[in-house]
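Visitor: below are the sequence and a predicted model for it; my questions follow.
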Amino acid sequence: MSYPKDLLSTRAIIQHGRYALIPPEGLVNNQLPYFEKCTTSIIASPKLGASFVQYLIEMEPEGKTTKAFGGDGIETFVFVREGALDVVVDGTKYELNQGGYVYCPPHLNMLLENNSNSSTKLILYKQRYIPVEGIPEPWVVCDNINNLEANIYEGMEDVTLIDLLPTDMAFDMNMHILTFQPGGCHPFIETHVQEHGAYLLSGEGIYNLDNNWIPVKKGDFIWMGPFIQQATYAVGQEPLSYIYSKDCNRDPEI
Ligand code: UGY
Ligand code: MN
């Protein structure tokens with residue numbers, strides 16, 4: 001870091017309870033207990049209005065969590081953006097590389113460790129699971145996005161969707177990857193009850209949030225609160241691709 005070269009400015013937009021755009025330039029390190037050799041930014045939490053917590057983590061070689069993450073009703077998910085990661089759930093070790101992920105159900109927890117020689121970039125997520133009488137609990141899911149099928153989205157050849165978790169009623173959340181070729185867009189501006197925590201993996205776009213058209217690009221995080229208008233046009237040379245959470249399969253409480 002050094003003295004700024006010009007007036008301070010930011011692309012961040014924070015509308016508590018509605019939506020937020022958090023670009024990488026403004027991220028700060030949040031020290032957390034039991035996370036060793038990790039640079040961690042909390043990018044969504046109930047203080048913003050989100051019903052989940054999401055983190056961006058850079059884990060150095062020999063970095064690890066020294067206490068189990070999740071469990072006791074909290075489901076967790078980890079995705080490797082860059083590098084390698086070992087994840088232990090219920091005594092089983094899963095060895096992940098770029099694009100790899102583990103979903104851990106609410107009755108289990110995960111330990112993370114970087115046993116490689118270079119640092120690892122992760123997306124970590126937790127939320128309270130909503131059980132439903134008569135529906136079994138979800139199970140551990142481990143895979144890599146490169147093994148998964150990308151389906152044409154809403155009949156548009158230049159947009160694809162990957163589902164990372166099963167669509168079974170046992171799951172009250174999913175993670176997806178939407179990819180738009182330059183010029184591609186949503187078929188309509190969505191308004192829905194579900195929230196999203198979206199991390200932009202590549203490309204650039206103009207995103208409609210709460211009916212404001214906002215430039216976004218690789219490395220940005222967007223939180224979309226319930227019923228916030230949302231849609232995008234991809235621009236530039238590269239596909240616009242983001243990984244995002246979505247709650248599902250549950251009837252809201254009143
Ligand atoms: O699944 C979704 O709701 C997704 N199409 N939303 C979004 O990309 N903002
Ligand atoms: Mn949506």
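Guide: Noted; the coordinates are in hand. Residues are numbered from 1 along each chain as shown. Ligands and ions are numbered 1, 2, ... in the order given.
Visitor: if I look at the closest residue to ligand 1 within the chain, how far off is residue 151?
Guide: Closest to ligand 1 within the chain is residue 230: 4.1 Å, counting by CB to the nearest ligand atom. All C-beta spots, glycine's among them, are computed from the backbone N, C-alpha and C. According to CB to CB, to the nearest Å, residue 230 stands 20 Å off from residue 151.
Visitor: between these two, which one's more packed in?
Guide: residue 230 (21 against 11; other CB atoms under 10 Å).
Visitor: that one against residue 189, yeah?
Guide: Yes: if you go by CB atoms under 8 Å, residue 230 and residue 189 touch, sitting 6.8 Å apart.
Visitor: packing partners of the strand ranked longest in the chain?
Guide: The longest strand of the chain (DSSP state E) is strand 52-65. Applying 3 or more CB pairs under 8 Å, 6 or more residues apart in numbering; DSSP states H and E, one finds that strand 52-65 contacts strand 35-44, strand 110-113, strand 120-128, strand 196-202, strand 221-224.
Visitor: could you say which of those strands is packed most deeply?
Guide: strand 221-224 (a mean of 25; mean count of other CB atoms under 10 Å).
Visitor: ok, and what's touching the helix or strand following it?
Guide: Remark: after strand 221-224, the chain's next helix or strand is strand 230-235, criterion DSSP states H and E. The contact list for strand 230-235, computed with CB atoms under 8 Å, 6 or more residues apart in numbering, reads 19, 180-186, 188-191, 196, 203-209, 216, 224, 240.
Visitor: out of these, which sit inside strands?
Guide: Per DSSP E, the contacts of strand 230-235 map to strands at 19, 180, 196, 204, 205, 206, 207, 208, 209, 216, 224, 240.
Visitor: how many residues are close by the last one?
Guide: In this case it means residue 240. 28.
Visitor: pLDDT score assigned to it?
Guide: On the pLDDT scale, residue 240 is placed at 98.
Visitor: which residues touch it?
Guide: 179, 180, 182, 184, 200, 202, 203, 204, 205, 232, 234.
Visitor: can you do 10 Å?
Guide: 159, 178-182, 184-185, 200-207, 216-218, 232-234 (CB atoms under 10 Å, 6 or more residues apart in numbering).
Visitor: for the buried ones among the residues you listed, write the corresponding ChimeraX selection.
Guide: With 16 or more other CB atoms under 10 Å as the burial test, the buried ones among those are selected in ChimeraX as follows:
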select :159,178,179,180,181,182,184,185,200,201,203,204,205,207,216,217,218,232,233,234
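Visitor: going by neighbour count, list what's buried in the helix or strand just after the longest strand of the chain.
Guide: The C-terminal neighbour of strand 52-65 among helices and strands, as given by DSSP H and E, is strand 74-82. Across strand 74-82, burial judged by 16+ other CB under 10 Å covers 74, 75, 76, 77, 78, 79, 80, 81.
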